[in-house]
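[1] What shape does this take:
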Amino acid sequence: MLDIKFVRENPELVKQNIKNKFQEKKLPLVDEVIELDEKARKAKQEADALRAGRNKLSKQIGALMKEGKKEEAEEVKAQVAANAKRLAELEQQERELQEAVLKDMMVIPNIIDPSVPIGPDDSCNVEIQKYGEPTVPEFEVPYHTEIMARFDGIDLDAAGKVAGNGFYYLMGDIARLHSAVITYARDFMIDRGFTYCVPPFMIRSNVVTGVMSFEEMDAMMYKIEGEDLYLIGTSEHSMIGKFIDTIQEEEKLPYTLTSYSPCFRKEKGAHGLEERGVYRIHQFEKQEMIVVCRPQESMQ
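    Residues are numbered from 1 along each chain as shown. The predicted structure follows:
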């Protein structure tokens, strides 16, 4: 999420970034969040002033009572009561405004790195580097599930009966190959200095909203009914959540983590994409990696 101060000081840059991401419907949020933030800061300033004056007025009441000026003391007491009522209103107003600011800020996208090509889809991607030459085999390449079926390695029909579409049984050598690839990916990362991590496979809503938008969350994640828990769609979220509300010592950076986890996704809105075989599935396993570093080291 962007820093609200950055949005206040660079509204046009933030708006252009939204255009660059082809998310024009979010443009009004920039002006809205700036206006809400200004109201929240004014409410806070007035509330702080009332809090600062509360002790002064209390002392004034005590002094007036000692002097026998009861009527004047009662007037100050009435002022204290009025201030207390106004303070309660301001605190409620400030909370509501800050919640509204946070809701908008969660939707305003982060700034694209200058190196990223601008385009509506992957057709605008730019090839940075190429290794070798692609070869086209002289035979028709079979679909991946056809290869798996030849080894009696997949059962989509039985999985459909047990859990519905988007699930599968892996069997025999194909199941072993699946585990071997995960193990290879894990050791590949460990050999490059990454710390291996098995994270929680469920996370709370505040962790989810800290790393993705509400729309993405609704489209991807399965919620545990009756609890503030979601099944993870990627272990990135669990690993990023590990650092929530913490201050890291700069000299210990970077932290390099690689994690294994099962992942669960609704794949809501995936219609029209590759949905046959074991693509766009609701359950899979993944080896993930994250790096927590100084911003200037991000590209490296």
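
[2] if I look at the residue nearest to Met289 when sequence neighbours are not counted, how far off is Arg276?
    Distance criterion C-beta to C-beta, 6 or more residues apart in numbering; nearest residue to Met289, sequence neighbours excluded, is Thr258 at 4.5 Å. Glycine gets a C-beta too; all of them are placed from N, C-alpha and C. From Thr258 across to Arg276, the span is 30 Å (C-beta to C-beta, to the nearest Å).

[3] More neighbours: these two, which one.
    Thr258 (23 against 10; other C-beta atoms under 10 Å).

[4] how much distance is there from the strand or helix carrying Lys19 to the middle of the chain?
    Per DSSP states H and E: Lys19 is located in helix 11-20. Relative to its chain's centre, helix 11-20 lies at 20 Å (C-alpha atoms, centre = their mean, to the nearest Å).

[5] Tell me which residues of that helix come out buried.
    Neighbour counts over helix 11-20 (16 or more other C-beta atoms under 10 Å) mark Val14, Lys15, Asn17, Ile18 as buried.

[6] Show me what the host helix or strand of the residue nearest to Met289 is packed against.
    In the assignment (DSSP H and E), Thr258 maps to strand 255-264. Identification of packing neighbours for strand 255-264 by 3 or more C-beta pairs under 8 Å, 6 or more residues apart in numbering; DSSP states H and E yields helix 172-190, strand 195-197, helix 235-241, strand 283-292.

[7] hang on, isn't the residue nearest to Met289 packed against Val198?
    No - applying C-beta atoms under 8 Å, one finds Thr258 not in contact with Val198, separated by 10.4 Å.

[8] what about stretch 291-300, start to end distance?
    10 Å (C-alpha to C-alpha, to the nearest Å).

[9] Not counting it itself, show me its contacts.
    By C-beta atoms under 8 Å, 6 or more residues apart in numbering, the residues outside stretch 291-300 that reach it are Asp113, Ser115, Phe243, Gln248, Glu250, Leu253, Pro254, Tyr255, Thr256, Leu257.
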